Every structure is written in C-alpha cells, then in structure tokens.
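>>> Fold the following and give me the result.
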Amino acid sequence: MRKIISQIFGYIAAVNFGFLQKYINKFYINLFKIDMSEFKNYDEYKSLNELFTRKLLKQRSFSLNDVDFISPSDGLCLECGTSNNSTALSIKGRSYDIKKLLNMSYEDVEFDYINIYLSPKNYHCYHSPCDMQILSALYIPGDLKSVNQKSLMRFDGVYETNERVVLTCRYNDNFTFWLVFVGALNVGKMKFLFDDRIQTNAKYMDKTLYEYENIFFKKGDMLGNFELGSTIVVLAKSGKMKLSIKAGDEIKFGDTIAKIL
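Numbering: from 1, shown residues only. Alright, predicted model coming up:
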C-alpha cells in the first residue's frame, strides 16, 4: 500500500497545474520554511516535482583537500559513530544491521557510519563526497516506510527493510566506502545520472546488481536526486575515516564531515 501511495503522490507531483502552480509552490515553500536563496524563483518551477528536484544556481564551495570527505547532500545527521557487531543506530534507541542493509556478507568487522536525513525542506540532489570510482550499484526492493525521526523511533531495521540503492565506491586502493540511498514514503523515486537503468519503485522490482569499470566522479559532481527527500547512509570499514560531525548536526552538501585516513 505504501508503494501505491508513493506512486500516486509521484504522479500528482509531476502535474503542471497551470496558473495555480506558482501558488502551490509558494504554499509548499512556506509550509516547510524552505530557503530559496540558492535557487530560481518559486514561480519558475512548472510542477512540485521540479521544485523538489531544484538545482543550485551555482556550485557551492568546499575543501579541495583530497582527504576531506564532504557531505553528499543537505540534511540532518540523525546518528553517526562506529557500529557494534555490525549494528548501527538509526536514531537514539533504534538500530539497523549494516550487513543486511548492504545485502552483503563480510567478515566480522566494524563500520563507521553517518545517517543523513533529508526532510522536505532540503535540497534533494546528491553529489560525490570525494574523488571516486563507482564500482557497482545494487538495487534492493523493499518497503517504503517513512524515515522521519518520529517513524524511526517506532521501529528497528527501517533502513535495512526499505527499498534502497547501494553504491560501492573507491577513493583509492586503500579506501572503499558505501553510499546507501534509502527510499521512503512518498520518496519511491531515486535518480542516478550515470545509469538510467536503475529504476526505483517500479512495477517490476527484482534485486539487481549493476557493475561498472570506468565510472569516475570528481568531488562535488552531481550523482542524482531523490524526488522528495529521504536518507543517505555513508559507511566505511572502521579506521578508514575520522568523523568530524555528531548526531543532531545540520549539514549541507559541501561541508566536510570526515577525513580519509
């Protein structure tokens, strides 16, 4: 049912309501207190979907130091730290299993993790957090529970059971990390500029692995976007990066959130 609701919401959000659209856009912006200073004027967006997926008018500045790992998106750091027996916190008091999240088997290692929640007010595009190569993308069908703070407080394992796309990325021969894009209620669609075969919340939803040989991104390059807002989980084996943020921090794409060791 949540998938159907999300699909219907997506159809409505893509509709151009003519002369009413600018009023709809303005209502949405006022409702969620969206800062539009980096974007086009609200009346230039022809649908809510265009507003949701708005692009920056100019690139943000960020550290050019190779070891500075920047936030891939705007959002709120709900939790971060080091896992315990591959168990991480989604929010205080609730947890998820990293191995299940990645749908992969690993030896008994711990992970450093950062959970970034994108609310409806946030900029919804995501970017490369460092110079990197994308080795694979794993699409995993699943539920579309809400991932807001209230919902996460009710359930364990939301991230590992929701629909998601797992990118396996490499900065150099010594640093492999994962970016996990988690779908949510009304956020069934995730776009990836490097591969339009990845279709989320589609009619036919089989787990699919896409492997790549020569896909490289520079730090700050756009990877794609959510069509509303959701969660990005950043993961690396413990000891490979030093986190520089804490739970509760509001962060923006371009902020340094860790150092690669």
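>>> Which parts of the stretch 51-200 of the chain are helices?
98-102, 149-152, 158-161 (DSSP state H, counting those that start in this stretch).
>>> which strands and helices sit next to the first one?
Taking 3 or more Cβ pairs under 8 Å, 6 or more residues apart in numbering; DSSP states H and E as contact, the helices and strands that helix 98-102 lies on are helix 158-161, strand 164-172, strand 175-182, strand 231-237. To be clear about C-beta, it is placed using only N, CA and C from the backbone, and glycine gets the same treatment.
>>> how distant is that helix from the center of its chain?
Offset of helix 98-102 from its chain centre (Cα atoms, centre = their mean, to the nearest Å): 16 Å.
>>> For that helix, buried residues please.
For helix 98-102, burial by neighbour count (16 or more other Cβ atoms under 10 Å) applies to 98-99, 101-102.
>>> related to what we said a few turns ago, among the helices and strands packed on helix 98-102, which comes closest to residue 261?
Residue 261 sits nearest to strand 175-182 of all the helices and strands packed on helix 98-102, at 8.2 Å, using Cβ to Cβ.
>>> which secondary structure elements does that closest one contact?
Right, strand 175-182 is packed against helix 98-102, strand 164-172, strand 231-237 by 3+ Cβ pairs under 8 Å, 6+ apart.
>>> now do the same end-to-end measure for stretch 149-160.
Its first and final residues considered, stretch 149-160 spans 16 Å by Cα to Cα, to the nearest Å.
>>> whoops, I mixed them up, stretch 123-131
One end of stretch 123-131 sits 21 Å from the other (Cα to Cα).
>>> Same check on stretch 140-153?
Across stretch 140-153, first to last residue, Cα to Cα, it's 23 Å.
>>> same thing with stretch 232-243?
One end of stretch 232-243 to the other measures 16 Å (Cα to Cα).
>>> quick one: that stretch to chain centroid distance?
A distance of 15 Å separates the centroid of the chain from that of stretch 232-243, by Cα atoms, centre = their mean.
>>> One more: stretch 143-162?
Distance, centroid of stretch 143-162 to centroid of chain: 14 Å (Cα atoms, centre = their mean).
>>> Show me which residues of it are buried.
Using 16+ other Cβ under 10 Å as the test for burial, stretch 143-162 gives 144-148, 151-152, 158-162.
>>> cool, and stretch 215-234?
Buried, per 16+ other Cβ under 10 Å, within stretch 215-234: 215, 217, 219-220, 222-234.
>>> Inside strands: which ones of the residues you listed?
Judged by DSSP state E, these include 217, 222-226, 231-234 as members of strands.
>>> Now residue 61. Nearest residue, chain neighbours left out?
Distances taken as Cβ to Cβ, 6 or more residues apart in numbering place residue 254 nearest to residue 61, at 6.7 Å, with adjacent residues excluded.
>>> meant to ask about residue 135
Here the residue nearest residue 135, using Cβ to Cβ, 6+ apart, is residue 168, at 4.6 Å.
>>> so who does the one you found touch?
Taking Cβ atoms under 8 Å, 6 or more residues apart in numbering, we find residue 168 in contact with 134-138, 176, 178.
>>> Do you know the pLDDT at it?
The model reports residue 168 with a pLDDT of 97.
>>> Kindly report the same for residue 15.
The model reports residue 15 with a pLDDT of 70.
>>> That one and residue 47 touch, don't they?
Yes. Residue 15 lies in contact with residue 47 (Cβ atoms under 8 Å); the separation is 6.1 Å.
>>> quick one: which of the two has more around it?
residue 47 (17 against 13; other Cβ atoms under 10 Å).
>>> wait, that one sits on residue 20?
No. Using Cβ under 8 Å as the test, residue 47 is too far from residue 20 to be in contact (11.2 Å).
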